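J.: Need coordinates for the below:
(3 chains)
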Amino acid sequence: MRLLIRGGHLIDPGQELDERLDVLIVDGRVERVGKDLKPGRHGEVLDADGLIVAPGLIDIHVHLREPGQEYKESIETGTRSAAAGGFTAVACMPNTTPPNDNRSVTEHIVKEAARHGYARVYPIGAISVGQKGEQLAEIGDMVGGGVVAISDDGFPVMSPELMRRALLYAQHFDIPVIQHAEDLGLGADGVMHEGEWSTRLGLPGLPGAAEDLMVARDLRLLEETGGRYHVAHLSTARSLEMVREAKSRGLAVTCEVTPHHLLLTDREVFESGFSTHTKMKPPLRSEADREALLGGLEDGTVDAIASDHAPHHVDEKDVEFSSAPFGIVGLETTLGLCLDRLVRPGRISPYRLVELLSTGPARALGVPGGRLAPGDPADVTLFDTKRQQTVNPTRFQSKGRNTPFAGWKLRGRPVATLVDGRRVELR
Amino acid sequence: MNATSWVRRDLLGIADLSAAEIELILDTAESFREVSERPIKKVPTLRGRTVLNLFFEASTRTRSSFEIAEKRLSADSVNFSASTSGLKKGESLIDTALNLQAMSPDLIVIRHAHPGVPHMLAERVEAGVINAGDGAHEHPTQALLDAFTIRQHKGGFEGLKVSIIGDIEHSRVVRSNILLLTKMGAEVTVAGPRTMMPVDVESLGVRAVYSLEEALRGTDVVMMLRVQLERQAKMNFPSVREYFELFGLTRARLKAAKRDVILMHPGPMNRGVEIASDVAEGKYSVILEQVANGVAVRMAVLYLLSGVHQEVG
Amino acid sequence: MTAEIQRKRKILDSKQLSRVIRRMAVELLEKESEAKDLMLVGIRTRGVPLAEALAAEILRMEEVEVPVGVLDITLYRDDLSTIAPQPVVKETHFPTTLSDRALVLCDDVLYTGRTIRAAMDALIDFGRPRAIRLAVLVDRGHRELPIHADVVGRTIETRENEVIDVHFAETDGENEVLLLEKLGE
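T.: Okay, here's the model as predicted:
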């Protein structure tokens, strides 16, 4: 099977390409990249004139909720949502019911993902049994089943001893340890960022220091242990600064930020009139934090943009602010938001965006992708930087409708995704 | 400004109000105070209107004050409290709201432990919603009655020095008072232990100090806050004895204030914790006037809101 | 909602108005033999200057100081709605108790009678007067309730689309009575 993606503008940070180039795909793999390629006999042509052609986007932080919470999302709807949002691969967190803390759950996820196949699914295994923070899970066994990283996300690894052991043990398999960096001993009853707006609204605060303490502790441990450490949904200026400094010292640390932390601040809780769609962890931070994160995109400190796609049932979110669960969906808004609010105003280049959504995530997690060189699997995302869209949660492929971006008019949207050279069709 | 500019259906917080709207409420309350002095303390103004008092948190004072205000306006009051409401049976707030809406009340007075609940309710019911306290967020009618009392004694607010002392972090009374008093041109100082001071409090346009003496010096109005004793367990202060030592108001300490200072407290008081008994009952105290004014202010709010009715947007 | 109003004609000028009020005071005294237990109660807004003017006349003629009360009937109105902003409530004030007094309600214009109904309800909430009388400057007809005035300054035939506008120096800068015609809603 031959497919020629013709006339598009190829952005491939994996090969440092950023120009008008055709991509020829044969049997699910990239055959050639070049100018004026011919599809060959019986070859199909995908006209990409006016579009950006990029290595498939990878969201390394999503919650697919399966097994156990299929009323919120399933592997099928979650991967449909990914494909609709321009993602060819997602990495799913282990806080399911039961959690992905053993090979049988990992295999279930891999099997379900293969069956539905709207996007690749990379399972992330739990660090501890039951995500309880006490005993190491059977990490090696899970890696055998397909796990690409470990994390207790949903919860932080509170015990320094456990984190030290995880960092040491994960080195046997060369996988990163992903931390939900939050010291639960500080601001435990918080529901929004601690600052002017929590003070105005009378809501208990989640101090930025709770994140910083955890990042500082883990980076200190990493100095002792070696290994790879990844900060999930990094949200504060200080944590970013610590990661920047650690990188300069050569520590193997990476980090991701979310679109909502890049675009919204704690003021949004007030502006939205206590909307529970402004409640997530980490919380929307201050304007100074937001500015710092944008700086981290620009200077390369941030490795990836990840959505932290966290679907909840509408009934769960339709309650008092303090009682609502944390989290918002993001798979179907991330690319549009980044194009409209980061690329269009010139904060980052399209090239840097592809790096943050594809090449960077692939490297941080150590998974294939992020590059369209001959021989690579042909996972491709095509997007249009000019086409308008209005965020309409009722038309999401995801079961989750919980987004603070409803009604936003965005310029730029995905047009097609290809996994293994085949165009993903959402019926 | 006159009543024709009153276009609000809900009173959710002082944050929404303009200085002119606050003046209008206070002026209207002035007229209603006279009603409470009549031999027959009742006018037929809200005859045939239904007011639901929805209290998800225990409250004797505020609820009685609203009830008296409603009865003096001839409204039909229906009371729901946490123990009788569906919420205890696991009904969601939304379902409760929809059920209440089905009874087509004209106004709903709501007290809830969580900030933002009145806002949520207001979005879903056609009735006007009055926030009677939502968590540590706002308590607008308390701030209005405090302002009413201050205006009675001081004539106005411009340049007036008001010191609010105690647990600033967990007080809805403080937030509403800060918003109101700064809008009206008063200079507000907040004081209390650093462990009970919310972060960035100065962004609200107030001065924060950490000693009682400094807060009292030269002030026109002293507002003491109730210290919740359970805060001790949450590491906010070590002991009642030490709290009183540092921030308890005594007659001797009050001397630092202006000679014509007035002393306020939203109640209920903890005598010997934040305030000494002799000061609470002393000549500077206007605490009981606050209670009386509460009825007039709530009558004014009920009256003004009952004229505006909108479709749910 | 705003009706365009066109001025029509002046019914009474300042001089005529004083004469009418003087005659009303005389008539009032004829009907109430005991001036000393009288109290004049002006209905806000323009009943108040009328009551004060009548009190001044009585003082001049009889050398009796008749107390004047002020009544705001907003809270007793039967036309408060949920669709319009509420009118401003002003204070009600009486110099003495009402019990056993002969009260004379004073208002500028008597029309449907609903204002007077509300005023009587209000007065009764304040005490038990010996009697309530009614004095109006202009009776323009179109009653909707069984109410009539004891003392009338002027009776004027009007149509529904006409308005009687009474001006007093205290409230409007001038003493006069106008008949206006409302044109188009």
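J.: Quickly check: the least confident helix or strand in chain B by mean pLDDT near chain A or not.
T.: Taking mean pLDDT, DSSP states H and E as the measure, chain B has helix B:93-102 as its least confident helix or strand, at a mean of 84. Yes - contact between helix B:93-102 and chain A, assessed by Cβ under 8 Å from any Cβ of the partner chain, occurs at B:93-94. No exception for glycine: its C-beta is placed from N, CA and C like everyone else's.
J.: Return the set of buried residues in that helix.
T.: For helix B:93-102, the neighbour count (16 or more other Cβ atoms under 10 Å in any protein chain shown) marks B:93, B:96-97, B:100-101 as buried.
J.: so how many other residues sit close to A:V45?
T.: Look at A:V45: counted by other Cβ atoms under 10 Å in any protein chain shown, it has 15 neighbours.
J.: correct me, but it touches A:R2?
T.: No - taking Cβ atoms under 8 Å as the definition, A:V45 is not a contact partner of A:R2, at 9.5 Å.
J.: Need the residues touching each of those two.
T.: A:P39 (Cβ atoms under 8 Å, 6 or more residues apart in numbering or on different chains).
J.: returning to that earlier point: contacting residues around the helix or strand just after the least confident helix or strand of chain B?
T.: Next in sequence after helix B:93-102, counting helices and strands by DSSP states H and E, comes strand B:107-112. Residues from elsewhere that reach strand B:107-112 (Cβ under 8 Å, 6+ apart): A:320, B:49-57, B:59, B:62-63, B:66, B:75, B:100, B:117-118, B:121, B:125, B:127-135, B:302, B:305-306.
J.: quick one: contacts for the closest residue to A:D101 other than its chain neighbours?
T.: Spatial nearest neighbour of A:D101, excluding adjacent residues (Cβ to Cβ, 6 or more residues apart in numbering or on different chains): A:A126 at 3.7 Å. A:A126 makes contacts with A:94-95, A:99-101, A:137, A:150-152, as judged by Cβ under 8 Å, 6+ apart.
J.: what does A:V129 give?
T.: Listed by Cβ under 8 Å, 6+ apart, the contact partners of A:V129 are A:101, A:135-137.
J.: For the closest residue in space to it that isn't next to it in sequence, the count of nearby residues, please.
T.: In space, and not counting its chain neighbours, A:V129 is closest to A:Q135: 4.6 Å by Cβ to Cβ, 6+ apart. The burial count assigned to A:Q135 is 12, neighbours taken as other Cβ under 10 Å.
J.: where do the strands sit along the stretch 301-427 of chain A?
T.: For the stretch 301-427 of chain A, applying DSSP state E, counting those that start in this stretch gives strands covering A:304-305, A:380-390, A:409-419, A:422-423.
J.: Please work out the average pLDDT along the last one.
T.: Put plainly, it is strand A:422-423. The pLDDT scores in strand A:422-423 average 95.
J.: partners of it, with directions?
T.: Under the criterion DSSP bridges, strand A:422-423 sits next to strand A:409-419 (antiparallel) in its sheet.
J.: Return the alpha-carbon coordinates of the strand it pairs with using PDB.
T.: What follows is strand A:409-419 as a C-alpha-only set of coordinates in PDB (Å, rounded to 0.1, in the frame of the first residue of the first chain):
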ATOM      1  CA  LYS A 409     -13.200  30.600  18.900                       C
ATOM      2  CA  LEU A 410      -9.900  29.100  17.700                       C
ATOM      3  CA  ARG A 411      -8.000  29.600  14.500                       C
ATOM      4  CA  GLY A 412      -6.200  26.300  13.700                       C
ATOM      5  CA  ARG A 413      -7.400  22.800  13.900                       C
ATOM      6  CA  PRO A 414      -6.400  19.200  13.100                       C
ATOM      7  CA  VAL A 415      -7.500  17.900   9.700                       C
ATOM      8  CA  ALA A 416      -6.400  14.300   9.700                       C
ATOM      9  CA  THR A 417      -4.400  11.700  11.600                       C
ATOM     10  CA  LEU A 418      -2.700   8.700  10.200                       C
ATOM     11  CA  VAL A 419      -1.600   5.700  12.300                       C
END
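J.: which bits of the stretch 251-400 of chain A sit near chain B?
T.: With Cβ under 8 Å from any Cβ as the criterion, the stretch 251-400 of chain A comes near chain B at residues A:273-274, A:315, A:318-323.
J.: Closest one to chain B out of those, please.
T.: A:F274 (3.0 Å; Cβ to the nearest Cβ).
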